[in-house]
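Asks: Provide a 3D model corresponding to the input given below.
(2 chains)
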Amino acid sequence: DVKVTQSSRYLVKRTGEKVFLECVQDMDHENMFWYRQDPGLGLRLIYFSYDVKMKEKGDIPEGYSVSREKKERFSLILESASTNQTSMYLCASKGHMGETQYFGPGTRLLVL
Amino acid sequence: GENVEQHPSTLSVQEGDSAVIKCTYSDSASNYFPWYKQELGKRPQLIIDIRSNVGEKKDQRIAVTLNKTAKHFSLHITETQPEDSAVYFCAASRGGGADGLTFGKGTHLIIQP
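Replies: Take a look at the predicted model:
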């Protein structure tokens, strides 16, 4: 059974703070993704990674960076949080051969 | 890049009736089309997917159809039940490798008792 976990379910931060969101998967998947979900906008791809230390920009990378030092862990970093980054953040992983992306439970971030 | 349009944004049907959600995509190179169901407060879960070499796929009460020429695909749910109430998302990608998904904006399906 695929398990994707995220470090926090809820997070409250202040404008200008540096924020780390962590995602861990236990399926030895090569590919990992970060999406944000906003009402009426669906899910939008921020960044993804196809291997350790490799990263690619998604559709909305501005204001975000990522880190993948270990295969099972993919971190999303908000260098200087802003109120427009208040959102639900969802991590997903996918194996090299498969197509299915498996999602984590999400982190609801509020930036004040 | 890819653009996925999804309609309707809200769909209310009587229990036992059928529900149809439609999506269109723009990138002719897209060849993988999954559908996710998201219940309130939960993570999106894959319910069915289709690849471009197939025109239709069925799994019990759920079916997906794909028209590559017209670049649209649809989700069909028959004999709807209260537990079908959720938000449904369609998505598209070029498939393979690390390609991310481009999602539609979602359809809130409401099953009326």
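
Asks: CA only for contacts and neighbour counts going forward, please
Replies: OK.

Asks: Just give the number of residues close to B:Thr80.
Replies: Using other Cα atoms under 10 Å in any protein chain shown as the criterion, B:Thr80 is surrounded by 21 other residues.

Asks: In space, what's closest to it - neighbours in sequence excluded?
Replies: Of all residues beyond its chain neighbours, the one nearest B:Thr80 is B:Gly16 (4.7 Å), with distances taken as Cα to Cα, 6 or more residues apart in numbering or on different chains.

Asks: burial count for B:Gln60?
Replies: Number of residues near B:Gln60 (other Cα under 10 Å) recorded here: 7.

Asks: Model confidence score at it, please.
Replies: B:Gln60 is assigned 96 on the pLDDT scale.

Asks: My reading is that A:Ala81 lies in a strand. Confirm?
Replies: No - note on A:Ala81: no strand contains this position according to DSSP: H, G, I helix; E, B strand; the rest coil, which reports coil.

Asks: How about the contacts made by residue 55?
Replies: No chain specified, so I'll use chain A. With contact set as Cα atoms under 8 Å, 6 or more residues apart in numbering or on different chains, A:Lys55 has these partners: A:47-49, A:66-68.

Asks: please go with chain B instead
Replies: Shown here is B:Gly55, whose contacts under the criterion Cα under 8 Å, 6+ apart are B:65-67.

Asks: can you tell me the helix or strand for whatever residue of chain B ends up closest to chain A?
Replies: Closest residue of chain B to chain A, Cα to the nearest Cα: B:Lys105 (3.9 Å). Secondary structure assigned from DSSP states H and E places B:Lys105 in neither a helix nor a strand.

Asks: so it touches B:Ala91, yeah?
Replies: No - in this structure, B:Lys105 sits apart from B:Ala91 without contact. The criterion is Cα atoms under 8 Å, and the distance is 9.4 Å.

Asks: which of these two has more neighbours?
Replies: In this comparison of B:Lys105 against B:Ala91, neighbours counted by other Cα under 10 Å, the higher total goes to B:Ala91 at 29 against 26.
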